[in-house]
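Colleague: could you work out the structure for the sequence below:
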Amino acid sequence: MRVNVAKALPVVAAAMLLLAGCLDSKTVLTVNRDGSGTLVQTVYMKPPQGQGMNVKERTLEQVKADCAKIAAMLGEGVTLKSVTALQPRDGWKGYQIVYAVADVTKLKVGYVPPMNAGMKTDDDKLLAFEFQGGATPQLTIVRPPIRMGGTQGDDDDKGPDPRMVQAVDGMRLAFEVRVDGTIAKTNATHVTEDKTGVVLLVEDIGGIVKDREAYAALRALSKLKDPEAIRAQLKGAAIQKYVKFEPEERVTIQFK
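Modeller: Numbering: from 1, shown residues only. Here you go, the predicted structure:
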């Protein structure tokens with residue numbers, strides 16, 4: 001069974017996810033003073049479940065081979081540094097994947113890096129990066145627009161399809177951008193406590209789809225364009241416990 005969550009959740013629409021299994025993914029991009037960087041993805045994957053799910057789990061060597069191909073998809077000058085198997089967690093297999101980024105302005109990544117070479121993130125769902133060097137370097141992040149496709153027969157009053165709830169149980173996404181230094185000035189909404197980075201996305205998808213009120217609130221988010229209106233929606237009690245999202249389309253970070 002595949003459930004098209006990308007058509008049901010606006011933020012997830014940025015990621016072309018294959019939901020034969022389920023992902024718990026955190027990505028951290030660290031940008032250096034010369035515009036180079038490191039992209040680190042820590043991901044846990046739930047084994048495919050359900051009738052007809054006869055899918056072989058990949059070996060570590062197969063994951064490494066896939067990630068080497070993915071590096072080329074992530075942009076010019078991106079290379080694979082390492083893939084490390086993590087201790088399994090509640091039956092989920094985990095990996096830490098590290099890519100070296102020669103020039104952040106050439107990086108092509110969405111909120112979730114591809115997990116196999118057959119996945120491709122559409123250009124209009126990619127984050128974009130601009131960089132200016134100097135004594136106080138400035139990084140600018142341009143997020144993709146919030147979108148939601150909608151499906152025939154959707155009914156907000158009834159909430160999400162029970163098959164979706166089962167398919168995405170435990171699914172979480174997170175994306176942070178950090179700098180090699182301390183943030184001097186930024187318009188970002190969510191700055192880390194140590195002032196070395198900003199949080200672009202934290203989304204507990206498994207929790208959202210179990211909560212009808214939060215699910216409806218997130219669907220309503222896709223209709224908003226004004227950052228202040230988005231901020232107001234995100235402050236709602238129903239959605240706040242599941243989602244942290246950067247409403248600004250252009251986030252600037254000056255650091256020293």
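
Colleague: bridging residues for Gly94?
Modeller: Counting by DSSP bridges, Gly94 is bridged to Tyr44, Leu86.

Colleague: from what I see, it and Lys46 are in contact.
Modeller: No. Using Cβ atoms under 8 Å, Gly94 and Lys46 do not qualify as a contacting pair, with a distance of 10.6 Å. Glycine gets a C-beta too; all of them are placed from N, C-alpha and C.

Colleague: and the residue most central in space within the chain, how far from Ala184?
Modeller: With the centre of the chain defined as its mean C-alpha position, the nearest residue by Cα atoms, centre = their mean is Tyr111, 2.6 Å away. Using Cβ to Cβ, to the nearest Å, we find Tyr111 at a distance of 26 Å from Ala184.

Colleague: repeat for Val98
Modeller: Counting by Cβ to Cβ - Val98 and Ala184 are separated by 27 Å.

Colleague: Gly94 and Lys46: who's more crowded?
Modeller: Lys46 (21 against 15; other Cβ atoms under 10 Å).

Colleague: leaving out chain neighbours, which residue sits closest to that one?
Modeller: For Lys46, the nearest residue in space outside its immediate sequence neighbours is Cys22; the separation is 4.1 Å by Cβ to Cβ, 6 or more residues apart in numbering.

Colleague: run a quick neighbour tally on that neighbour.
Modeller: Based on other Cβ under 10 Å, the number of other residues close to Cys22 is 23.

Colleague: so who does it touch?
Modeller: Met45, Lys46, Ala167, Val168, Asp169, Gly170, Met171, Gly206 (Cβ atoms under 8 Å, 6 or more residues apart in numbering).

Colleague: hmm, which of those residues is lowest in pLDDT?
Modeller: Least confident of the contacts of Cys22 in the model: Ala167, at 68.

Colleague: give me the buried positions along the helix or strand hosting Leu139.
Modeller: Secondary-structure element containing Leu139, defined by DSSP states H and E: strand 138-142. By neighbour count, with 16 or more other Cβ atoms under 10 Å as the criterion, the buried positions of strand 138-142 are Gln138, Leu139, Ile141.

Colleague: same check on stretch 62-75?
Modeller: Within stretch 62-75, the residues scored as buried using 16+ other Cβ under 10 Å are Val63, Lys64, Asp66, Cys67, Ile70, Ala71, Leu74, Gly75.

Colleague: swap in stretch 237-253?
Modeller: Of the residues in stretch 237-253, those buried by neighbour count under the rule 16+ other Cβ under 10 Å are Ala238, Ile239, Tyr242, Val243, Lys244, Phe245, Glu246, Pro247, Glu248, Val251, Ile253.
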